[in-house]
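Novice: sequence first, then the predicted structure:
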Amino acid sequence: MVTGFDYLSHDKVLQEHWLRRFVAIVIDFAITYTPMYMLFQLLHIDYLMVGFTAGFVLFMYATAFDLAVGGTIGKMMVHMKSVPIAGRMSSGQALMRNVSKVFPVLLLLDWIVGLAVDTKDPRQKWTDMIAQTSVIIYDHKGRT
């Protein structure tokens, strides 16, 4: 059984792919969590509520951007795009591939499980496999 971790250990392109995905999610976390944290601090609302609310906002933001333009602001900044394996991205696919973003721990597990299973596409996290989507890198002119 060959896993994504096996490919990741020696494939520089795949290493760059996952590094870009990590940078993109950090950017997207900053975009969603920072304003929520500041607002909740101002209103003296518990930090635990910030985490859940911002996670839900990240989930909705990522889903909406996947449907509208194929990826979040973070993905666009690192020249990546969420794509369906076939056809156009459906709302169900966008919802499924982003559901783990509600809680950062779930997203981490999503990435680990995606890399740990025997896969034909080591660029996929687990929910990408279920949704039949992937994330691709494109150049500055929009080519893959």
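Specialist: Perfect, thanks for sending it.
Novice: list the buried ones in stretch 3-13?
Specialist: Residues 4, 7 are the ones in stretch 3-13 that count as buried (16 or more other Cβ atoms under 10 Å). To be clear about C-beta, it is placed using only N, CA and C from the backbone, and glycine gets the same treatment.
Novice: next one: stretch 72-90
Specialist: 72-76, 78-84, 89.
Novice: so which of those sit within strands?
Specialist: Using DSSP state E, 80-84 are the members of the buried residues of stretch 72-90 that sit in strands.
Novice: Thr127: which of the residues you listed is nearest?
Specialist: For these, the minimum distance to Thr127 (Cβ to Cβ) is 11.1 Å, reached by Ser82.
Novice: so where is the protein shaky, pLDDT-wise?
Specialist: For the chain, the stretches with pLDDT under 70 are 47-48, 140-144.
Novice: please repeat the previous calculation with a cut-off of 80.
Specialist: 1-2, 45-52, 118-119, 140-144 (pLDDT under 80).
Novice: so where do the strands sit in it?
Specialist: 80-84, 133-137.
Novice: which helix in the protein has the most residues?
Specialist: What stands out as the longest helix in the chain, according to DSSP state H, is helix 12-42.
Novice: how far off strand 80-84 does that helix point, in degrees?
Specialist: Between helix 12-42 and strand 80-84, the angle comes out at 100 degrees (axes from the mean of the first three to the mean of the last three Cα atoms, to 10 degrees).
Novice: what's the burial count for Val135?
Specialist: Neighbours of Val135 under the rule other Cβ atoms under 10 Å: 23.
Novice: swap that for Val113, please
Specialist: What Val113 shows, counting by other Cβ under 10 Å, is a neighbour count of 15.
Novice: repeat for Gly51
Specialist: 17.
Novice: who's in contact with it?
Specialist: Phe103 (Cβ atoms under 8 Å, 6 or more residues apart in numbering).
Novice: how near is it to Gln41?
Specialist: As defined by Cβ to Cβ, to the nearest Å, Gly51 lies at a distance of 13 Å from Gln41.
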